[in-house]
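In: Fold the following, please.
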Amino acid sequence: MLKRIYQPAAYQTDSLPDSYWVESTGPLPACERLARDSVHKTDIAIIGGGYCGLSAALELAENGAQVSVFDAGRSGWGASGRNGGFCCIGGSGKSYFDLAKKFGDDAVKQFARQECEAIDLVDQRLTDWNIDADRHSNGEVVLAHKQSRIAELHEEAKEFAHFTDVQTEFLDRDALKERGLNAAETYGGLHVKAGFGINPMKYLAGLHEQCIRAGVRIFEQAKIDRFDETTGKYTLYAGTAQIEANKIIIATNGYSAENLPDWLGGKLMPVFSGIFVTRPMSNDELAAQGWTSDLMAYDSRILLHYFRKLPDNRFLFGGRGGITATPEAFEAGKRDLAANFERMFPAWRDIERTHHWNGLACLSQSWRPYIGRVPGHHDVWTALAWHGNGVALASQGGKLLAQRMLGTIGDDDLGTVLGTPMDKFPLPSLRRAARTVAYRYYGLHDRFA
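Out: Residues are numbered from 1 along each chain as shown. Below you'll find the predicted structure:
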(Lines give C-alpha, C1' and ligand atoms only; values in the text may rest on other atoms or scores of the structure.)
Protein backbone atom coordinates (compact mmCIF):
# COMPACT_ATOMS: atom_id res chain seq x y z
CA MET A 1 0.00 0.00 0.00
CA LEU A 2 1.26 3.46 -0.86
CA LYS A 3 2.18 5.68 2.08
CA ARG A 4 1.03 9.27 1.72
CA ILE A 5 1.64 12.36 3.81
CA TYR A 6 -1.92 13.73 3.39
CA GLN A 7 -5.46 12.39 3.55
CA PRO A 8 -6.83 10.47 0.53
CA ALA A 9 -8.71 13.53 -0.76
CA ALA A 10 -5.40 15.01 -1.92
CA TYR A 11 -4.82 12.06 -4.25
CA GLN A 12 -8.22 11.43 -5.84
CA THR A 13 -7.56 10.54 -9.47
CA ASP A 14 -11.03 9.93 -10.90
CA SER A 15 -11.16 13.24 -12.77
CA LEU A 16 -9.06 16.20 -13.82
CA PRO A 17 -9.05 19.25 -11.52
CA ASP A 18 -11.95 21.68 -11.74
CA SER A 19 -9.63 24.42 -12.95
CA TYR A 20 -9.91 27.18 -15.48
CA TRP A 21 -7.12 25.50 -17.42
CA VAL A 22 -9.03 22.27 -17.91
CA GLU A 23 -12.20 24.09 -18.95
CA SER A 24 -10.40 26.30 -21.47
CA THR A 25 -8.20 23.59 -22.99
CA GLY A 26 -10.68 20.92 -23.97
CA PRO A 27 -10.03 17.18 -24.05
CA LEU A 28 -6.50 15.80 -24.03
CA PRO A 29 -5.42 13.21 -26.59
CA ALA A 30 -6.70 9.75 -25.74
CA CYS A 31 -4.92 7.49 -23.24
CA GLU A 32 -4.87 3.72 -22.92
CA ARG A 33 -6.07 1.59 -19.99
CA LEU A 34 -4.31 -1.43 -18.53
CA ALA A 35 -6.46 -4.54 -18.82
CA ARG A 36 -7.12 -6.54 -15.69
CA ASP A 37 -4.64 -9.37 -15.11
CA SER A 38 -2.60 -8.23 -18.11
CA VAL A 39 1.19 -8.23 -18.47
CA HIS A 40 2.63 -5.22 -20.30
CA LYS A 41 6.25 -5.22 -21.43
CA THR A 42 8.30 -2.11 -22.10
CA ASP A 43 11.91 -0.98 -22.02
CA ILE A 44 11.31 2.05 -19.79
CA ALA A 45 8.35 2.52 -17.45
CA ILE A 46 7.67 6.11 -16.37
CA ILE A 47 5.48 6.71 -13.32
CA GLY A 48 3.83 10.12 -13.69
CA GLY A 49 2.44 11.81 -16.80
CA GLY A 50 3.15 15.48 -16.12
CA TYR A 51 5.73 17.79 -17.67
CA CYS A 52 8.69 15.83 -16.34
CA GLY A 53 7.47 12.32 -17.16
CA LEU A 54 6.28 13.26 -20.64
CA SER A 55 9.43 15.26 -21.43
CA ALA A 56 11.57 12.29 -20.45
CA ALA A 57 9.33 9.97 -22.47
CA LEU A 58 9.57 12.15 -25.57
CA GLU A 59 13.36 12.42 -25.44
CA LEU A 60 13.75 8.68 -24.90
CA ALA A 61 11.28 7.69 -27.63
CA GLU A 62 12.85 10.04 -30.16
CA ASN A 63 16.14 8.25 -29.49
CA GLY A 64 14.72 4.80 -30.15
CA ALA A 65 13.62 3.62 -26.69
CA GLN A 66 10.37 1.79 -26.08
CA VAL A 67 8.58 3.88 -23.46
CA SER A 68 5.33 3.56 -21.51
CA VAL A 69 3.94 6.20 -19.14
CA PHE A 70 1.66 5.26 -16.25
CA ASP A 71 -0.40 7.95 -14.53
CA ALA A 72 -2.60 7.37 -11.48
CA GLY A 73 -5.13 9.73 -13.08
CA ARG A 74 -4.24 11.06 -16.48
CA SER A 75 -1.83 13.66 -17.86
CA GLY A 76 -2.61 16.98 -16.21
CA TRP A 77 -4.30 15.52 -13.18
CA GLY A 78 -1.44 16.54 -10.85
CA ALA A 79 0.51 19.76 -10.56
CA SER A 80 0.89 20.11 -14.35
CA GLY A 81 -2.81 20.91 -14.59
CA ARG A 82 -3.10 22.88 -11.35
CA ASN A 83 -0.23 25.38 -11.40
CA GLY A 84 -0.35 29.10 -12.12
CA GLY A 85 1.19 28.89 -15.58
CA PHE A 86 4.37 30.80 -14.71
CA CYS A 87 7.12 29.68 -17.10
CA CYS A 88 9.95 31.41 -15.29
CA ILE A 89 13.29 31.17 -13.53
CA GLY A 90 13.13 29.14 -10.34
CA GLY A 91 13.47 25.69 -8.90
CA SER A 92 15.25 26.21 -5.60
CA GLY A 93 13.99 27.57 -2.31
CA LYS A 94 17.42 29.08 -1.69
CA SER A 95 18.99 32.16 -3.24
CA TYR A 96 21.90 31.86 -5.65
CA PHE A 97 24.23 33.31 -3.01
CA ASP A 98 23.10 30.70 -0.47
CA LEU A 99 23.54 27.87 -2.95
CA ALA A 100 27.02 29.15 -3.78
CA LYS A 101 28.07 28.76 -0.14
CA LYS A 102 27.61 25.00 -0.55
CA PHE A 103 28.34 24.37 -4.22
CA GLY A 104 30.51 27.30 -5.35
CA ASP A 105 29.91 30.06 -7.90
CA ASP A 106 30.61 27.97 -11.01
CA ALA A 107 28.11 25.26 -10.04
CA VAL A 108 25.43 27.84 -9.33
CA LYS A 109 26.09 29.62 -12.63
CA GLN A 110 25.58 26.25 -14.33
CA PHE A 111 22.31 25.77 -12.48
CA ALA A 112 21.19 29.29 -13.44
CA ARG A 113 21.95 28.53 -17.12
CA GLN A 114 19.84 25.37 -16.82
CA GLU A 115 16.96 27.44 -15.45
CA CYS A 116 17.20 29.82 -18.40
CA GLU A 117 17.52 26.92 -20.86
CA ALA A 118 14.35 25.47 -19.35
CA ILE A 119 12.43 28.61 -20.32
CA ASP A 120 13.94 28.45 -23.81
CA LEU A 121 12.90 24.81 -24.13
CA VAL A 122 9.23 25.60 -23.47
CA ASP A 123 9.45 28.58 -25.81
CA GLN A 124 10.90 26.39 -28.57
CA ARG A 125 8.25 23.72 -28.08
CA LEU A 126 5.39 26.20 -28.27
CA THR A 127 6.82 27.55 -31.52
CA ASP A 128 7.85 24.27 -33.15
CA TRP A 129 4.62 22.49 -32.24
CA ASN A 130 2.42 25.48 -33.11
CA ILE A 131 0.74 25.52 -29.70
CA ASP A 132 -1.45 28.52 -28.91
CA ALA A 133 -1.00 28.49 -25.14
CA ASP A 134 -2.26 32.06 -24.48
CA ARG A 135 1.30 33.25 -23.99
CA HIS A 136 1.98 36.69 -22.54
CA SER A 137 4.36 38.65 -20.28
CA ASN A 138 7.95 39.77 -20.74
CA GLY A 139 9.32 38.19 -17.58
CA GLU A 140 7.97 38.75 -14.09
CA VAL A 141 8.05 41.36 -11.36
CA VAL A 142 8.62 40.72 -7.66
CA LEU A 143 6.90 43.32 -5.49
CA ALA A 144 8.20 44.49 -2.12
CA HIS A 145 5.24 44.23 0.24
CA LYS A 146 7.01 46.38 2.86
CA GLN A 147 9.44 49.26 2.64
CA SER A 148 12.03 47.14 4.43
CA ARG A 149 12.01 44.62 1.57
CA ILE A 150 13.35 47.12 -0.97
CA ALA A 151 16.90 46.24 0.04
CA GLU A 152 16.16 42.57 -0.73
CA LEU A 153 15.15 43.49 -4.28
CA HIS A 154 18.47 45.25 -4.84
CA GLU A 155 20.27 42.21 -3.43
CA GLU A 156 18.34 39.97 -5.84
CA ALA A 157 19.34 42.22 -8.74
CA LYS A 158 22.99 41.74 -7.72
CA GLU A 159 22.46 37.96 -7.72
CA PHE A 160 21.07 37.97 -11.25
CA ALA A 161 23.94 40.19 -12.43
CA HIS A 162 26.55 37.89 -10.86
CA PHE A 163 25.16 34.47 -11.76
CA THR A 164 23.17 35.05 -14.98
CA ASP A 165 22.85 37.17 -18.10
CA VAL A 166 19.23 38.01 -17.21
CA GLN A 167 18.47 41.70 -17.22
CA THR A 168 16.61 43.29 -14.30
CA GLU A 169 15.11 46.72 -13.67
CA PHE A 170 14.17 48.26 -10.34
CA LEU A 171 10.82 50.09 -10.32
CA ASP A 172 9.89 52.49 -7.55
CA ARG A 173 6.32 52.95 -6.42
CA ASP A 174 5.58 55.68 -8.99
CA ALA A 175 7.05 53.61 -11.83
CA LEU A 176 4.88 50.64 -10.85
CA LYS A 177 1.76 52.78 -11.06
CA GLU A 178 2.84 54.24 -14.39
CA ARG A 179 3.23 50.73 -15.82
CA GLY A 180 -0.13 49.50 -14.61
CA LEU A 181 1.19 47.51 -11.66
CA ASN A 182 -0.71 49.12 -8.80
CA ALA A 183 -1.51 46.93 -5.82
CA ALA A 184 -1.90 47.79 -2.17
CA GLU A 185 1.01 47.02 0.15
CA THR A 186 3.50 47.54 -2.66
CA TYR A 187 6.56 49.78 -2.22
CA GLY A 188 8.74 48.88 -5.17
CA GLY A 189 9.40 46.10 -7.64
CA LEU A 190 12.13 44.26 -9.53
CA HIS A 191 11.33 43.38 -13.13
CA VAL A 192 13.18 40.16 -14.01
CA LYS A 193 13.21 40.00 -17.79
CA ALA A 194 13.00 36.26 -18.36
CA GLY A 195 10.00 34.00 -18.77
CA PHE A 196 6.36 34.26 -19.75
CA GLY A 197 2.90 33.17 -18.68
CA ILE A 198 0.95 30.40 -20.40
CA ASN A 199 -2.12 28.23 -20.09
CA PRO A 200 -0.29 25.23 -18.63
CA MET A 201 -2.84 22.64 -19.79
CA LYS A 202 -2.63 23.79 -23.41
CA TYR A 203 1.12 23.30 -23.26
CA LEU A 204 0.70 19.91 -21.59
CA ALA A 205 -1.82 18.82 -24.22
CA GLY A 206 0.71 19.63 -26.93
CA LEU A 207 3.45 17.72 -25.12
CA HIS A 208 1.10 14.76 -24.66
CA GLU A 209 0.29 14.76 -28.38
CA GLN A 210 3.97 14.82 -29.36
CA CYS A 211 4.63 11.83 -27.11
CA ILE A 212 1.85 9.85 -28.79
CA ARG A 213 3.27 10.73 -32.22
CA ALA A 214 6.70 9.53 -31.11
CA GLY A 215 5.29 6.15 -30.17
CA VAL A 216 5.02 6.59 -26.40
CA ARG A 217 2.20 4.57 -24.85
CA ILE A 218 0.38 6.53 -22.14
CA PHE A 219 -1.86 4.74 -19.67
CA GLU A 220 -4.38 6.50 -17.43
CA GLN A 221 -5.92 5.29 -14.16
CA ALA A 222 -2.77 3.19 -13.80
CA LYS A 223 -1.67 3.64 -10.20
CA ILE A 224 1.58 1.80 -9.58
CA ASP A 225 1.44 0.30 -6.08
CA ARG A 226 4.94 -1.15 -5.89
CA PHE A 227 7.74 -2.68 -7.91
CA ASP A 228 10.16 -5.57 -7.48
CA GLU A 229 13.68 -5.95 -8.84
CA THR A 230 15.05 -9.32 -9.90
CA THR A 231 18.15 -10.04 -12.02
CA GLY A 232 18.34 -6.47 -13.27
CA LYS A 233 14.71 -6.38 -14.41
CA TYR A 234 11.72 -4.71 -12.79
CA THR A 235 8.13 -5.79 -12.31
CA LEU A 236 5.66 -3.02 -11.50
CA TYR A 237 2.19 -3.70 -10.13
CA ALA A 238 -0.93 -1.68 -10.94
CA GLY A 239 -3.82 -3.48 -9.30
CA THR A 240 -4.02 -6.88 -10.96
CA ALA A 241 -1.95 -5.74 -13.97
CA GLN A 242 1.81 -6.17 -14.18
CA ILE A 243 4.42 -4.24 -16.12
CA GLU A 244 7.83 -5.69 -16.96
CA ALA A 245 10.52 -3.10 -17.62
CA ASN A 246 14.28 -2.72 -17.83
CA LYS A 247 14.30 0.77 -16.31
CA ILE A 248 11.97 2.93 -14.23
CA ILE A 249 11.55 6.70 -13.93
CA ILE A 250 9.77 8.20 -10.91
CA ALA A 251 8.25 11.53 -12.01
CA THR A 252 5.54 12.07 -9.40
CA ASN A 253 6.86 15.25 -7.71
CA GLY A 254 4.45 16.51 -5.00
CA TYR A 255 2.15 13.53 -5.50
CA SER A 256 4.91 11.03 -4.71
CA ALA A 257 4.40 8.23 -2.22
CA GLU A 258 6.76 7.85 0.70
CA ASN A 259 7.51 4.25 -0.28
CA LEU A 260 7.68 4.32 -4.08
CA PRO A 261 10.56 3.84 -3.70
CA ASP A 262 11.46 3.75 0.01
CA TRP A 263 14.38 6.10 -0.65
CA LEU A 264 11.91 8.99 -1.08
CA GLY A 265 10.55 8.59 2.44
CA GLY A 266 11.08 11.73 4.51
CA LYS A 267 12.80 13.73 1.73
CA LEU A 268 9.88 15.74 0.32
CA MET A 269 7.39 18.21 1.80
CA PRO A 270 4.40 18.70 -0.52
CA VAL A 271 2.49 21.89 0.30
CA PHE A 272 -0.92 23.02 -0.89
CA SER A 273 -1.26 26.06 -3.10
CA GLY A 274 -4.65 27.53 -3.96
CA ILE A 275 -5.63 29.52 -7.04
CA PHE A 276 -8.72 31.36 -8.15
CA VAL A 277 -9.55 33.08 -11.42
CA THR A 278 -12.02 35.94 -11.88
CA ARG A 279 -14.44 36.57 -14.70
CA PRO A 280 -13.11 38.72 -17.56
CA MET A 281 -12.98 42.36 -16.53
CA SER A 282 -13.59 45.45 -18.61
CA ASN A 283 -10.82 47.94 -19.28
CA ASP A 284 -12.57 50.37 -16.92
CA GLU A 285 -12.58 47.78 -14.14
CA LEU A 286 -8.88 47.14 -14.63
CA ALA A 287 -8.15 50.85 -14.63
CA ALA A 288 -10.12 51.34 -11.41
CA GLN A 289 -7.54 49.23 -9.60
CA GLY A 290 -4.64 50.47 -11.69
CA TRP A 291 -3.49 46.99 -12.69
CA THR A 292 -3.51 46.85 -16.48
CA SER A 293 -0.15 45.17 -17.13
CA ASP A 294 0.11 41.56 -18.29
CA LEU A 295 3.37 40.96 -16.40
CA MET A 296 3.52 37.93 -14.16
CA ALA A 297 3.98 39.04 -10.56
CA TYR A 298 4.53 37.81 -7.05
CA ASP A 299 5.22 39.50 -3.73
CA SER A 300 8.16 39.37 -1.35
CA ARG A 301 6.38 37.48 1.43
CA ILE A 302 7.76 34.12 2.52
CA LEU A 303 4.14 32.91 2.21
CA LEU A 304 4.01 34.63 -1.14
CA HIS A 305 1.11 35.46 -3.43
CA TYR A 306 1.44 35.15 -7.21
CA PHE A 307 -0.84 36.76 -9.74
CA ARG A 308 -1.27 37.91 -13.32
CA LYS A 309 -3.79 39.32 -15.75
CA LEU A 310 -4.72 36.71 -18.33
CA PRO A 311 -5.06 37.61 -22.02
CA ASP A 312 -8.88 37.73 -21.80
CA ASN A 313 -8.73 40.15 -18.84
CA ARG A 314 -9.43 37.53 -16.21
CA PHE A 315 -7.20 37.82 -13.15
CA LEU A 316 -5.43 34.88 -11.55
CA PHE A 317 -4.46 35.02 -7.89
CA GLY A 318 -2.68 32.26 -6.01
CA GLY A 319 -1.09 31.58 -2.67
CA ARG A 320 -0.98 29.19 0.25
CA GLY A 321 -3.80 26.63 0.15
CA GLY A 322 -5.08 24.42 2.94
CA ILE A 323 -2.91 22.94 5.67
CA THR A 324 -4.38 19.46 5.23
CA ALA A 325 -6.60 17.71 2.68
CA THR A 326 -9.89 18.16 4.49
CA PRO A 327 -12.91 20.16 3.30
CA GLU A 328 -12.54 22.43 6.33
CA ALA A 329 -8.87 23.12 5.62
CA PHE A 330 -9.52 23.80 1.94
CA GLU A 331 -12.35 26.18 2.82
CA ALA A 332 -10.14 28.00 5.33
CA GLY A 333 -7.42 28.31 2.68
CA LYS A 334 -9.96 29.68 0.22
CA ARG A 335 -11.14 32.31 2.72
CA ASP A 336 -7.55 33.32 3.47
CA LEU A 337 -6.76 33.59 -0.24
CA ALA A 338 -9.82 35.76 -0.83
CA ALA A 339 -8.98 38.04 2.10
CA ASN A 340 -5.46 38.61 0.79
CA PHE A 341 -6.75 39.29 -2.72
CA GLU A 342 -9.31 41.81 -1.48
CA ARG A 343 -6.71 43.57 0.65
CA MET A 344 -4.22 43.85 -2.22
CA PHE A 345 -6.80 44.63 -4.94
CA PRO A 346 -9.64 46.41 -3.13
CA ALA A 347 -11.25 47.75 -6.32
CA TRP A 348 -11.98 44.15 -7.35
CA ARG A 349 -13.47 43.03 -4.06
CA ASP A 350 -16.85 42.32 -5.65
CA ILE A 351 -15.62 40.88 -8.96
CA GLU A 352 -16.95 37.34 -9.45
CA ARG A 353 -14.45 34.52 -9.08
CA THR A 354 -15.40 31.77 -11.49
CA HIS A 355 -12.89 29.04 -10.59
CA HIS A 356 -11.00 27.89 -7.51
CA TRP A 357 -8.75 24.85 -7.06
CA ASN A 358 -5.86 23.46 -5.03
CA GLY A 359 -2.71 21.57 -5.91
CA LEU A 360 0.51 20.33 -4.34
CA ALA A 361 3.83 22.07 -4.89
CA CYS A 362 6.87 19.96 -3.99
CA LEU A 363 9.62 21.15 -1.66
CA SER A 364 12.66 19.15 -0.61
CA GLN A 365 14.60 19.23 2.63
CA SER A 366 17.59 20.40 0.60
CA TRP A 367 15.58 23.23 -1.01
CA ARG A 368 16.59 22.18 -4.52
CA PRO A 369 15.56 19.65 -7.16
CA TYR A 370 17.24 16.33 -7.78
CA ILE A 371 17.85 14.65 -11.15
CA GLY A 372 19.55 11.28 -11.31
CA ARG A 373 19.63 7.68 -10.24
CA VAL A 374 17.72 6.60 -7.15
CA PRO A 375 20.40 5.46 -4.69
CA GLY A 376 20.27 1.73 -4.01
CA HIS A 377 18.83 0.88 -7.43
CA HIS A 378 20.74 0.22 -10.63
CA ASP A 379 18.18 1.50 -13.11
CA VAL A 380 15.56 3.43 -11.17
CA TRP A 381 15.82 7.14 -11.93
CA THR A 382 14.01 10.25 -10.78
CA ALA A 383 13.64 13.99 -11.33
CA LEU A 384 11.50 16.00 -8.92
CA ALA A 385 11.16 18.79 -6.31
CA TRP A 386 10.67 21.84 -8.54
CA HIS A 387 9.66 24.15 -5.66
CA GLY A 388 6.64 25.54 -7.48
CA ASN A 389 8.46 26.25 -10.76
CA GLY A 390 7.79 23.09 -12.71
CA VAL A 391 6.42 24.49 -15.97
CA ALA A 392 9.94 25.24 -17.16
CA LEU A 393 12.29 23.26 -14.95
CA ALA A 394 10.29 20.01 -14.87
CA SER A 395 10.22 20.13 -18.67
CA GLN A 396 13.97 20.61 -18.80
CA GLY A 397 14.51 18.18 -15.93
CA GLY A 398 12.71 15.36 -17.71
CA LYS A 399 14.74 15.95 -20.86
CA LEU A 400 18.03 16.09 -18.92
CA LEU A 401 17.17 12.90 -17.06
CA ALA A 402 16.48 11.09 -20.33
CA GLN A 403 19.75 12.32 -21.82
CA ARG A 404 21.62 11.14 -18.73
CA MET A 405 20.00 7.69 -19.03
CA LEU A 406 20.88 7.54 -22.72
CA GLY A 407 24.47 8.49 -21.96
CA THR A 408 24.42 11.57 -24.20
CA ILE A 409 25.28 13.71 -21.15
CA GLY A 410 27.17 12.81 -17.98
CA ASP A 411 26.99 13.77 -14.33
CA ASP A 412 29.14 16.84 -14.98
CA ASP A 413 26.52 18.12 -17.42
CA LEU A 414 23.84 17.85 -14.75
CA GLY A 415 26.07 19.62 -12.24
CA THR A 416 26.17 19.32 -8.49
CA VAL A 417 23.16 21.52 -7.70
CA LEU A 418 20.79 19.26 -9.64
CA GLY A 419 22.80 16.05 -9.38
CA THR A 420 23.38 15.80 -5.61
CA PRO A 421 20.82 13.53 -3.89
CA MET A 422 18.43 15.13 -1.42
CA ASP A 423 18.73 14.83 2.33
CA LYS A 424 16.01 13.55 4.66
CA PHE A 425 14.05 15.89 6.91
CA PRO A 426 14.98 15.59 10.60
CA LEU A 427 12.14 13.79 12.40
CA PRO A 428 10.28 13.28 9.11
CA SER A 429 7.13 11.98 10.79
CA LEU A 430 6.68 15.48 12.26
CA ARG A 431 6.97 17.33 8.95
CA ARG A 432 3.34 18.39 8.79
CA ALA A 433 3.32 19.62 12.38
CA ALA A 434 6.58 21.48 11.86
CA ARG A 435 5.25 23.05 8.67
CA THR A 436 2.17 24.32 10.54
CA VAL A 437 4.37 25.97 13.16
CA ALA A 438 6.61 27.38 10.43
CA TYR A 439 3.60 28.89 8.63
CA ARG A 440 2.64 30.77 11.79
CA TYR A 441 6.17 32.08 12.17
CA TYR A 442 6.39 33.05 8.49
CA GLY A 443 3.07 34.85 8.72
CA LEU A 444 4.33 36.92 11.66
CA HIS A 445 7.61 37.57 9.88
CA ASP A 446 5.85 38.70 6.71
CA ARG A 447 3.67 41.03 8.73
CA PHE A 448 6.11 42.58 11.16
CA ALA A 449 9.72 42.03 10.00
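
In: Name the surrounding residues that touch the helix or strand hosting Asp43.
Out: Taking DSSP states H and E as the criterion, Asp43 maps to strand 39-47. Residues outside strand 39-47 that contact it (CB atoms under 8 Å, 6 or more residues apart in numbering): 34, 53, 56-57, 60, 65-70, 217, 219, 224, 234, 236, 241-252, 260, 405. For every residue, glycine as well, the C-beta is placed using N, CA and C.

In: for the helix or strand of the chain with the lowest mean pLDDT, which positions count as buried?
Out: Lowest on mean pLDDT, DSSP states H and E among the helices and strands of the chain sits helix 431-448, with a mean of 87. Across helix 431-448, burial judged by 16 or more other CB atoms under 10 Å covers Arg431, Arg435, Tyr442, Asp446.

In: try stretch 333-349
Out: Neighbour-count burial for stretch 333-349 [16+ other CB under 10 Å]: Gly333, Lys334, Asp336, Leu337, Ala338, Asn340, Phe341, Glu342, Met344, Phe345, Ala347, Trp348.

In: per-domain residue ranges of this protein.
Out: 8-84+201-265+365-430, 135-198+270-364+440-445 (automatic domain parsing).

In: okay if I get those as TSV plus distance to Ala112?
Out: Compiled in TSV, the domains of the chain are given as follows (distance: least, CB to CB, whole Å):
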stretch	distance to Ala112
domain 8-84+201-265+365-430	9
domain 135-198+270-364+440-445	5
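
In: Return the most buried member of the ones you listed.
Out: domain 8-84+201-265+365-430 (a mean of 20; mean count of other CB atoms under 10 Å).

In: what about it, how long is it end to end?
Out: Domain 8-84+201-265+365-430 has an end-to-end distance of 19 Å (criterion: CA to CA, to the nearest Å).

In: With stretch 173-185 instead?
Out: For stretch 173-185, the end-to-end distance is 10 Å (CA to CA).

In: List of residues touching that stretch?
Out: By CB under 8 Å, 6+ apart, stretch 173-185 touches 141, 143, 145-146, 171, 186-189, 286, 289-293, 295, 297, 299, 343-346.

In: Pull the distance from that stretch to the chain's centre.
Out: The gap between where stretch 173-185 is centred and where its chain is centred comes out at 28 Å by CA atoms, centre = their mean, to the nearest Å.

In: In which helix or strand does Trp367 reside?
Out: Following DSSP H and E, there is no helix or strand that holds Trp367.

In: Check whether it really touches Gly90, as I assumed.
Out: No - proximity of Trp367 to Gly90 does not meet the contact threshold set by CB atoms under 8 Å, at 11.8 Å.

In: which residues do the two both contact?
Out: By CB under 8 Å, 6+ apart, the residues touching both Trp367 and Gly90 are His387.

In: report the angle between the axes of the helix or strand encompassing Ala394 and strand 39-47?
Out: Using DSSP H and E, Ala394 sits in helix 390-406. Orientation of helix 390-406 against strand 39-47 (axes from the mean of the first three to the mean of the last three CA atoms, to 10 degrees) gives an angle of 120 degrees.

In: packing partners for the helix or strand following helix 390-406?
Out: Per DSSP H and E, the first helix or strand lying C-terminal to helix 390-406 is helix 411-419. For helix 411-419, the elements it packs on are helix 96-103, helix 105-128, strand 370-373, helix 390-406, judged by 3 or more CB pairs under 8 Å, 6 or more residues apart in numbering; DSSP states H and E.
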